[in-house]
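1. Okay, predicted coordinates and the sequence, questions at the end:
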Amino acid sequence: MVVTACSGKPWAAGSYPAKPITVVAPSGAGGGWDLTARALVKALRESKLVNQSMSVENRPGGGGTVFLAEYATQDRANPYKLFVNSPPILINHLKKEGNSPFGYRDTTPLAQLTEDYGAYVVRADSPYRDLRSVLQVIQTHPERLTVAGGSAPGSMDHLIAILPVYYSGISPKKMKYVSYDGGGEAMAALLGGNADLIATDASSVGEYLRAGKVRVLAVTAPHRLSGELKAVPTLKELGINTEFTIWRGVFGPKQMPPQSVKYWQKQLKALSDHPVWKRELAANHWIGRYRDAQSFQAFLEEQDQQIRTLLKALGMAKP
């Protein structure tokens with residue numbers, strides 16, 4: 001049966017999926033989105049949860065905004081193209097500088113797959129033994145302390161950096177933040193003495209901890225993490241009542257057909273419990289965190305409000 005005569009859209013026809021599916025990583029090869037898209041496709045293929053061929057397409061540009069603009073306008077209702085993303089889909093839509101007119105509400109969130117958290121890291125020989133002493137300096141002598149991150153001002157590492165500052169009642173505008181081109185460069189700046197503290201992903205600090213090069217003062221998780229970070233306090237343990245999740249999830253187009261949404265809800269839930277996916281999580285040092293479409297949507301609304309609040313505090317929110 002062909003419905004294209006009525007809808008004009010080849011993807012409106014018959015049973016789903018009826019042809020190959022593309023998962024877009026809106027970045028170049030090798031980054032977090034690329035790794036997530038490739039792990040997702042590999043696991044769906046090896047688990048045989050999807051009976052159509054799947055491929056990954058890299059679409060770099062503008063931190064994901066170039067792809068999203070095209071996707072939101074040209075692939076509406078197309079269930080054969082999905083994409084992966086993370087908090088930048090919220091940040092880019094809310095910040096004033098480099099604002100994207102499109103956000104997660106121009107998509108159909110399908111599922112959250114992983115989670116990570118922010119970490120506040122100093123050199124092993126740093127005089128700062130705890131986060132409170134860092135906050136005290138930012139409040140009284142902010143010129144004495146340089147905080148670095150692997151993203152531009154107003155982007156994720158910067159927002160993680162100001163999180164304990166803002167929720168401790170200190171103006172985040174006082175904090176001196178230096179941006180680097182990626183977390184690796186920020187870590188190099190820390191180890192080279194060009195920064196006093198960095199805000200970065202908790203999952204990225206393990207090798208430096210094992211080598212005795214850094215100390216982690218706190219994490220943004222709602223509870224203590226396991227493994228190498230089990231001794232590190234959360235912000236809430238330090239009396240700072242906030243948390244921040246660095247998630248990665250899967251999205252479809254706005255106006256995605258209900259049949260397709262239902263299909264992916266079932267397959268992605270099954271994937272989250274599958275041994276093949278668990279091997280991918282372990283291989284990439286990721287924490288699995290499945291949220292279905294409804295709870296993922298609710299979580300995005302909550303984090304959207306948190307990011308809006310932080311950007312306003314920096315004077316970097318769009319009007």
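-> Nice, thanks for sending it over.

2. Only C-alpha atoms from now on, for both contacts and neighbour counts.
-> Fine.

3. ok, the residue nearest the centre of the chain to Asp273 distance?
-> Taking Cα atoms, centre = their mean as the criterion, Ser86 is the residue nearest the geometric centre of the chain, at 3.1 Å. Applying Cα to Cα, to the nearest Å, the value for Ser86 to Asp273 is 21 Å.

4. again with Ile246
-> Ile246 sits 21 Å away from Asp273, going by Cα to Cα.

5. Repeat that for Trp247.
-> For Trp247, the distance to Asp273 - Cα to Cα - is 18 Å.

6. Compare neighbour counts for those two and give me the winner.
-> Neighbour count, other Cα atoms under 10 Å: between Trp247 and Asp273, Trp247 has more, with 18 against 12.

7. where does the protein have low pLDDT?
-> Along the chain, segments meeting pLDDT under 70 span 1-14.

8. those strands in it, which residues are they?
-> Counting by DSSP state E, the segments of the chain that form strands are 21-25, 54-58, 81-85, 107-123, 146-149, 176-179, 197-201, 214-219, 245-253, 287-291.

9. For the ones you listed, give me JSON lines that also has distance to Lys269.
-> Output for these, formatted as JSON lines (distance: least, Cα to Cα, whole Å):
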{"stretch": "strand 21-25", "distance to Lys269": "17"}
{"stretch": "strand 54-58", "distance to Lys269": "18"}
{"stretch": "strand 81-85", "distance to Lys269": "16"}
{"stretch": "strand 107-123", "distance to Lys269": "8"}
{"stretch": "strand 146-149", "distance to Lys269": "34"}
{"stretch": "strand 176-179", "distance to Lys269": "37"}
{"stretch": "strand 197-201", "distance to Lys269": "26"}
{"stretch": "strand 214-219", "distance to Lys269": "28"}
{"stretch": "strand 245-253", "distance to Lys269": "12"}
{"stretch": "strand 287-291", "distance to Lys269": "7"}
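
10. Any idea which of these gets closest to Ala189?
-> Nearest of the strands of the chain to Ala189, taken as Cα to Cα: strand 146-149 at 7.9 Å.

11. Output the contacting helices and strands for that closest one.
-> Under the contact definition 3 or more Cα pairs under 8 Å, 6 or more residues apart in numbering; DSSP states H and E, strand 146-149 sits against helix 156-166, strand 176-179, helix 183-191, strand 197-201.

12. So what touches the longest helix anywhere in the chain?
-> Taking DSSP state H as the criterion, the chain has its longest helix at helix 293-314. Outside helix 293-314, the residues that touch it by Cα atoms under 8 Å, 6 or more residues apart in numbering are 90-91, 94-95, 109-112, 154, 159, 162-163, 166, 171-173, 265, 317.

13. what inclination does it have with respect to strand 287-291?
-> Interaxial angle, helix 293-314 versus strand 287-291 (axes from the mean of the first three to the mean of the last three Cα atoms, to 10 degrees): 110 degrees.
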